[in-house]
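Asker: Output the structure for:
(chains A, B, C and D)
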Amino acid sequence: MLAALAAGLLCAAIALIFFYAPVDADQGLSQKIFYFHVPIAFTAYACFGWGAWKALLVLWKRKPGADQESYVAIHQGVIFGALTLITGSIWAKISWGVWWTWSERQLVLFLVLFLFYCAYFMLRFSVEPGPQRENLCAVYALFGVVLIPVSFLAIRLAENFIHPTVFTSRGPQMATSQFATFCVALAAMIALAGTLYRVELLGKRLDARLRELRELLT
Amino acid sequence: MSVSEKYVAAAYLVVFAFVVVYLAIMALKLTRLEREVGELTELARRRMNG
Amino acid sequence: MTAYLADVATLARKDLRLELRTRNTVPAMLLFVVAALVVFHFALPAGSSELAAKGLLWVAIVFTALLGLTRAFVAEREQRLIDGLLLAPCDRSAIWLAKSVAVLGFLVVAEVVALPAFALFFSGIDGATVAGVALADLGICAVGTVLAAMAVAGRARELLLPLLFLPLAIPVVVGGVGASVTGHPGRYLGFLALYDAVFAIISWASFEYVVTE
Amino acid sequence: MIRARRLGRTFGTKHVIRGLELDVPRGGFLLVTGPNGSGKTTLLRLVAGLLVPTAGELEVAVPRDRVGYLGHEPLVYRELTALENLDLYGRLYRVPERRERIGMLLERFGLWEARNQWADSFSRGMLQRLALCRTLLHDPDLLVLDEPFSALDEEGAALLDRQLAELRPRATFLLATHDPERVSPLAPDRLAFA
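Answerer: Sure, this is the predicted structure:
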């Protein structure tokens, strides 16, 4: 059901973006990436947030399945984070002719988070499965979600001594029609993430159940 | 297609490519799971009449 | 509360006594930080600005702290001594606080040598930098100790800790460099203090879970 | 005193303990036997609170500071002297008249002469005796002992026997061992791991 919703929303979003939203005045067609790049970024934040929420459940309520859900959510977050970085650098290429720019705060924040959550996987694969691994990953995921606002602040502070912001988009003031398209695109992305999350979680649970079955039989 | 339009297309293509690759990985996983279930049912059957 | 602090004092004294006996962490950190500064001297081309040197000071501090943190739980891990501390009735966060204080002590000793050496090799150190270093040390030790305990539980310990630690050290470097480079360090010192407060609390609360097997 | 219902513990994919039922009354003495790797140590570590169960429940009606645990590792710092090690644990457990109690224990286990030597210089047997001092330092109500006789010479083993007999009336015991005959007179009930 969620998958159908995601598919529908995605098509609607693409349709709206290309046919309905007016071409932006100054940036021309390149503004179209905005409708994908920013929703993907928000979805990545949502995934990290959801992973942290599940991590809190692991530590606080000792919910059994929560660790797996936290892991899958963060896995989604990293995938969408990578997408954000790629589409972001393409956007930078169009708007300012450089493949990477330190002045775009969102992008720099994603780079830091991306490094951080790759380390999450390093931690996860170096500890034996068991209660300790669940606790460690949960604590690290919570550190991650605390890091997001802190490093956003740090990046903003860092700007006036690394190099003054030459060019950065203040988030274009959107006409109502553009905003509507943006919302549909955002909903589509979140639905997509939700679907992938459910599919992967199902796959992991199936794995665990099969392993149990194999044990019983051998 | 002006230069920037090519990039816009590239960006959407990248997103689409990621989703397709993801689905491919999921498909591979499902076939592996299906084979595993086959093996286990075989094992169970042998266990039953064995 | 005084009992808690008594436990922290007992554990911290144990760490300091162990270090005085074996002397394997502090000398290494001292040599490392001075060697790093010398390497940086050659890394900086002649014309480079003085600001670059200040920035590199922070790189040296972060990696020296990393060295100290890598050795933080070695004794507890090798002889499985962490069990002895976990058996004791004291609150597990006391172990974290004691170890943080010990690592902080080692780091400060290393910096007491590093800062004058930096002033000698490169350019003078102003008050803001010293304040920045002090605040940064608190944050580094608080977060680093929890991460060190995490890394020790894994297999590739020496590899894992830098990966876990560096992303979290980025804000500290930003705050520190900002304090020592820009004209008005106030904001950056405030930011460092915020970082210390936030991460000290989350480290204090989460350490209990990091050590339970 | 110790109650376990369907207790289970898994390491990675290996189920070391599964569906264990246990009920040790206050003052009881449970002898745990079984080959290596059969889960003896895991059970003892669970009871001592060093491991968290992954299934079922485990209730130990003894606060952490009234539990004495002796494992395969002596849990003493090699670079500290015997006295310093015991002083460290004495402070953490807030043992009353710490110095006198440490002196008495070192004397009883024949370590008094070596009290100012680093634990590093101790032989395997002396380390085991020091670990015994650490375990008994805070006069625990529950004693969790994992093969306490290992590495002890004849004299050390006799010392331990006497110590166990003396503590028997007022403490609960959980002892894992390979030669149960030595302790069986003290231990009414027994748990054998397959």
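Asker: What average pLDDT does the one helix or strand residue C:134 maps to get?
Answerer: Residue C:134 is located in helix C:127-153, with elements delineated by DSSP states H and E. Averaged over helix C:127-153, pLDDT sits at 92.
Asker: Report whether it contacts chain A.
Answerer: Yes: legend: contact between helix C:127-153 and chain A by Cβ under 8 Å from any Cβ of the partner chain is shown at C:143, C:146, C:150, C:151, C:153. Glycine gets a C-beta too; all of them are placed from N, C-alpha and C.
Asker: Show me what that helix packs onto, helices and strands only.
Answerer: Applying 3 or more Cβ pairs under 8 Å, 6 or more residues apart in numbering or on different chains; DSSP states H and E, one finds that helix C:127-153 makes contact with helix A:131-162, helix C:50-70, helix C:74-78, helix C:92-121, helix C:157-181, helix C:186-211.
Asker: so which of those is the most packed in?
Answerer: Counting by mean count of other Cβ atoms under 10 Å in any protein chain shown, helix C:157-181 has the highest mean neighbour count of the helices and strands packed on helix C:127-153, with a mean of 23.
Asker: Show me where chain B has its helices.
Answerer: For chain B, helices defined by DSSP state H occupy the ranges B:3-49.
Asker: give me every residue that touches the nearest residue to residue A:193 once chain neighbours are set aside.
Answerer: Spatial nearest neighbour of residue A:193, excluding adjacent residues (Cβ to Cβ, 6 or more residues apart in numbering or on different chains): residue A:43 at 4.7 Å. Going by Cβ atoms under 8 Å, 6 or more residues apart in numbering or on different chains, residue A:43 touches A:80, A:186, A:189, A:190, A:192, A:193.
Asker: could you redo the last one with a cut-off of 10 Å?
Answerer: A:76-77, A:79-81, A:83-84, A:186, A:188-194 (Cβ atoms under 10 Å, 6 or more residues apart in numbering or on different chains).
Asker: In terms of distance to chain B, which of those ranks first?
Answerer: Top of the list for closeness to chain B, among the contacts of residue A:43 and by Cβ to the nearest Cβ, is residue A:83 at 5.8 Å.
Asker: That closest one is in what secondary structure piece?
Answerer: For residue A:83, the element it lies in under DSSP H and E is helix A:66-96.
Asker: ok, and does that helix reach over to chain D?
Answerer: No: contact of helix A:66-96 with chain D (Cβ under 10 Å from any Cβ of the partner chain) is absent, the minimum separation being 11.9 Å.
Asker: where does residue D:152 fall, helix, sheet strand or coil?
Answerer: Secondary structure, DSSP: H, G, I helix; E, B strand; the rest coil: residue D:152 is coil.
Asker: I'd assumed residue D:132 was in contact with it.
Answerer: Yes: with contact defined as Cβ atoms under 10 Å, residue D:152 counts as touching residue D:132 (8.6 Å).
Asker: which neighbours do the two share?
Answerer: Residues within reach of residue D:152 and of residue D:132 at once, by Cβ under 10 Å, 6+ apart, are D:159, D:160.
Asker: When those two are compared, which one has more neighbours?
Answerer: Using other Cβ atoms under 10 Å in any protein chain shown as the criterion, residue D:152 and residue D:132 rank with residue D:132 on top: 24 against 19.
Asker: list the contacts for the more buried one?
Answerer: Residues near residue D:132 by Cβ under 10 Å, 6+ apart: D:68, D:70, D:74, D:105, D:108-109, D:111, D:145, D:148, D:152, D:156, D:159-160, D:163.
Asker: biggest separation within those, which pair?
Answerer: Of all pairs drawn from the contacts of residue D:132, the widest gap by Cβ to Cβ lies between D:111 and D:145 and measures 18.4 Å.
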